[in-house]
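Student: coordinates for the following, if possible.
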Amino acid sequence: MLKSSIREIRDFPIPGIVFRDITTALKDGEVLRTAVDSMAEMLEGVEFDAVLGPESRGFIFGVPLAYKLGKGFVPVRKAGKLPAETARREYKLEYGSSIIEIHRDAVEAGKKFVLVDDLLATGGTAKATIELIEEMGGKVVASAFFIELEGLEGRKFLGEQDVRSLLIYE
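Tutor: Predicted coordinates:
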């Protein structure tokens, strides 16, 4: 049910790429509920204090997952979007670079987090988020993704990180 709800768009954003469009899954309440419930099941036994979600698709799965598990949610935003004092990390993307920021008071030393996002591709955003949290004294104890593109080896890029993915594509 979940995989069949994902639309494939060939040659987007560039020729040779198969884009996995989750908007077709999100618009179906039953599919969305199943995805969030399944991601919650993937995290059974993981002890953590809050969910982290990178902008913007990490918010889509991170907030309902945090709610379901009775945890707080910490947004990881693009540069310039947060009003209070932030910590930031610049990282490389496939086609350039980006900067993520988090409120400094969102991460207390010793706090444990689960990183939640829609997609694990090359792992750049996830790795930058994990490194930023660790620099601030926190610990990302697991990462949960709706989709993993296995052929891009993001899991390998994340090293020893506990990676859990609901749907895996080659």
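Student: from now on I want contacts and neighbour counts done on CA atoms only, so please keep to that.
Tutor: Fine.
Student: name the nearest residue to residue 74, sequence neighbours excluded.
Tutor: Spatial nearest neighbour of residue 74, chain neighbours left out: residue 52 (4.8 Å); criterion: Cα to Cα, 6 or more residues apart in numbering.
Student: gap between the one you found and residue 130?
Tutor: 10 Å (Cα to Cα, to the nearest Å).
Student: so if I had to pick from these two, which one is more boxed in?
Tutor: Ranked by neighbour count (other Cα atoms under 10 Å), residue 52 and residue 130 place residue 52 first, with 27 against 24.
Student: does that one touch residue 107 like I think?
Tutor: No: counting by Cα atoms under 8 Å, residue 52 stays clear of residue 107, with 10.2 Å between them.
Student: now do the contacts for the most centrally placed residue in the chain.
Tutor: The chain has residue 117 as the residue nearest its centroid, 2.0 Å off, counting by Cα atoms, centre = their mean. Residue 117 makes contact with 53, 54, 57, 58, 59, 61, 62, 144, 145, 146, according to Cα atoms under 8 Å, 6 or more residues apart in numbering.
Student: A helix includes the fourth one, no?
Tutor: Yes: assigned with DSSP: H, G, I helix; E, B strand; the rest coil, residue 58 falls within a helix.
Student: what's the burial count for it?
Tutor: Count around residue 58 with other Cα under 10 Å applied: 23.
Student: does it touch residue 125 like I think?
Tutor: No: look at residue 58 against residue 125 with Cα under 8 Å: they stay out of range, at 10.6 Å.
Student: about what we covered before: pretty sure the residue nearest to residue 74 sits in a strand.
Tutor: Yes: with three-state DSSP as the criterion, residue 52 is part of a strand.
Student: bridged to it, which residues?
Tutor: Residue 52 has the following beta-bridge partners by DSSP bridges: residue 74, residue 115.
Student: from residue 162, how far out is it?
Tutor: To residue 162, residue 52 is 15 Å away according to Cα to Cα.
Student: quick revisit: the residue nearest to residue 74 and residue 32, how far apart?
Tutor: The gap separating residue 52 from residue 32 is 19 Å, by Cα to Cα.
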